[in-house]
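Enquirer: Sequence and computational prediction follow.
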Amino acid sequence: MKQFNKIYSGVIVAIILLATSPMLLGLIWPRINDVRTGETPEYPDIQPQILRGTNTGAAFDAVLRTAESMGWEIREADRDRGIIEAVATVPFFRFRDDVTITITADGSSAVVNMRSRSRVGKSDLGENARRIRRFQAALTAQLARPGEVR
């Protein structure tokens with residue numbers, strides 16, 4: 001009888017956790033699946049990267065190297081238009097997400113904007129924002145290496 005009560009209590013707790021999990025996850029991550037630099041109010045810290053003193057050609061090369069180093073499948077890399085289209089795969093679930101990166105000129109600087117969008121679901125559990133942050137950190141590191149063309 002004691003063991004039955006423990007199992008019954010465990011089942012009740014599991015049901016309550018499952019029922020409240022969407023609400024709890026909503027408190028941690030917004031229910032979105034499309035994040036854009038400078039355009040997603042839920043992530044005000046994710047802004048375009050301004051590469052001061054870097055021309056768009058050098059920025060494009062660094063962005064492309066960084067995207068390739070992250071293991072993304074490059075679908076299109078149009079240097080003239082400053083656009084890179086890629087597919088990133090979420091490791092555990094193998095979901096395929098679309099990534100678009102644009103490089104534009106702003107005076108003597110290059111501006112890198114990024115969009116990461118999940119193909120499946122209404123919420124990405126923060127994966128797109130994490131992807132953009134990882135990419136921006138990797139790009140910064142790529143440009144900081146000695147001997148890199150600026």
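Expert: Structure received. Residues are numbered from 1 along each chain as shown.

Enquirer: Could you list the buried residues of stretch 63-74?
Expert: 63, 64, 66, 67, 72 (16 or more other C-beta atoms under 10 Å). C-beta here means a position set from N, CA and C on the backbone, and glycine is covered the same way.

Enquirer: Give me the nearest residue to the spatially most central residue of the chain, chain neighbours excluded.
Expert: In the chain, the residue lying closest to the centroid (C-alpha atoms, centre = their mean) is residue 131, at 2.6 Å. Of all residues not flanking residue 131 in the chain, residue 116 sits nearest, at 4.8 Å (C-beta to C-beta, 6 or more residues apart in numbering).

Enquirer: ok so that neighbour is a strand residue?
Expert: Yes - the assignment for residue 116 (DSSP: H, G, I helix; E, B strand; the rest coil) places it in a strand.

Enquirer: how about it, what does it touch?
Expert: 34, 35, 88, 97, 98, 99, 127, 128, 129, 131, 132 (C-beta atoms under 8 Å, 6 or more residues apart in numbering).

Enquirer: run the last query once more with 7 Å
Expert: 35, 97, 99, 128, 131, 132 (C-beta atoms under 7 Å, 6 or more residues apart in numbering).

Enquirer: Mind putting those into CSV with pLDDT, secondary structure and distance to residue 43?
Expert: Output for the contacts of residue 116, formatted as CSV (pLDDT from 0 to 100; DSSP: H, G, I helix; E, B strand; the rest coil; distance: C-beta to C-beta, whole Å):
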residue, pLDDT, secondary structure, distance to residue 43
35, 95, strand, 6
97, 94, strand, 15
99, 98, strand, 15
128, 93, helix, 9
131, 95, helix, 12
132, 97, helix, 8
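
Enquirer: per the record, what domains does the protein have?
Expert: For the chain, the structural domains run 1-30, 32-144, going by automatic domain parsing.

Enquirer: which parts of stretch 30-38 are buried?
Expert: Buried-residue list, stretch 30-38, by 16+ other C-beta under 10 Å: 30, 32, 33, 35, 36, 37.

Enquirer: Same check on stretch 108-122?
Expert: For stretch 108-122, a neighbour-count test (16+ other C-beta under 10 Å) marks 109, 110, 111, 112, 113, 114, 115, 116, 118 as buried.

Enquirer: Can I get those residues in a markdown table including pLDDT?
Expert: Compiled in a markdown table, the buried residues of stretch 108-122 are given as follows (pLDDT from 0 to 100):
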| residue | pLDDT |
| --- | --- |
| 109 | 96 |
| 110 | 97 |
| 111 | 98 |
| 112 | 98 |
| 113 | 98 |
| 114 | 98 |
| 115 | 98 |
| 116 | 96 |
| 118 | 90 |
